[in-house]
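Student: quick one: sequence plus predicted model below, questions after.
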Amino acid sequence: SGSPSPPLTSLSLMNPLAAAAPLLLAASLHDGEKSPSLVELQMLLGIGARKHDYKRSRKPVSDRKPRQAYSTKQLERLEKEFQAHKYLSVNKRVHLSQSLNLTETQIKTWFQNRRTKWKKQLTCSLRQMYQNTLAGTSPVP
């Protein structure tokens, strides 16, 4: 009726929860629960979510600059520039930093963050258009 259980791996020998994971997963799916997320599976198997064992060193909080609060004028100018050009040349970045009284790093970081937001918005719009297209079509018999 069912396929045989997979053999125990060296991982399951090191972590007893890992040996029970397939049974717990099968039980949760059998009970009609949603399938576990990747993080839930990693926790269940005792596998860390990190791809590596080292931590990135960070400056102590006391050494870091406080988060920049942009003025309305600065944001309007940055948005205007972003609408015209998604990427800045070095000369444009220098000019913007001088005219807005911000560092070049702040300008560069703002543009990086804004591009990320733009791509996320674009993805959401495309996904919505796709769902609207699917909703508008009738299934073929």
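Tutor: Arrived safely, thanks for sending.
Student: ok, now how distant is residue 61 from residue 67?
Tutor: Remark: distance between residue 61 and residue 67 (Cβ to Cβ, to the nearest Å) = 11 Å. Yep, even glycine has a C-beta here, placed from its N, CA and C like the rest.
Student: same question for residue 114.
Tutor: 16 Å.
Student: comparing these two, which shows the higher neighbour count?
Tutor: Set residue 114 next to residue 67 and count neighbours by other Cβ atoms under 10 Å: residue 114 wins out with 15 against 5.
Student: list the buried residues for the helix or strand hosting residue 76?
Tutor: Using DSSP states H and E, the element containing residue 76 is helix 72-84. Buried positions in helix 72-84, judged by neighbour count with 16 or more other Cβ atoms under 10 Å: 74, 77, 78, 81, 82.
Student: which residues does the last one contact?
Tutor: Residue 82 makes contacts with 111, 114, 118, as judged by Cβ atoms under 8 Å, 6 or more residues apart in numbering.
Student: report the separation between it and residue 128.
Tutor: Taking Cβ to Cβ as the measure, residue 82 falls 22 Å from residue 128.
Student: give the contact list for the nearest residue to residue 111 once chain neighbours are set aside.
Tutor: Distance criterion Cβ to Cβ, 6 or more residues apart in numbering; nearest residue to residue 111, sequence neighbours excluded, is residue 88 at 5.9 Å. Applying Cβ under 8 Å, 6+ apart to residue 88 gives the contacts 81, 96, 107, 108, 111.
Student: any weak-confidence spans in the chain?
Tutor: For the chain, the stretches flagged by pLDDT under 70 are 1-54, 137-141.
Student: packing partners of the longest helix along it?
Tutor: Under DSSP state H, the helix in the chain containing the largest number of residues is helix 104-136. Counting by 3 or more Cβ pairs under 8 Å, 6 or more residues apart in numbering; DSSP states H and E, the packing neighbours recorded for helix 104-136 are helix 72-84, helix 90-100.
Student: in a markdown table, list the ones you listed along with distance to residue 133.
Tutor: Putting the helices and strands packed on helix 104-136 into a markdown table (distance: least, Cβ to Cβ, whole Å) gives the following:
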| stretch | distance to residue 133 |
| --- | --- |
| helix 72-84 | 28 |
| helix 90-100 | 38 |
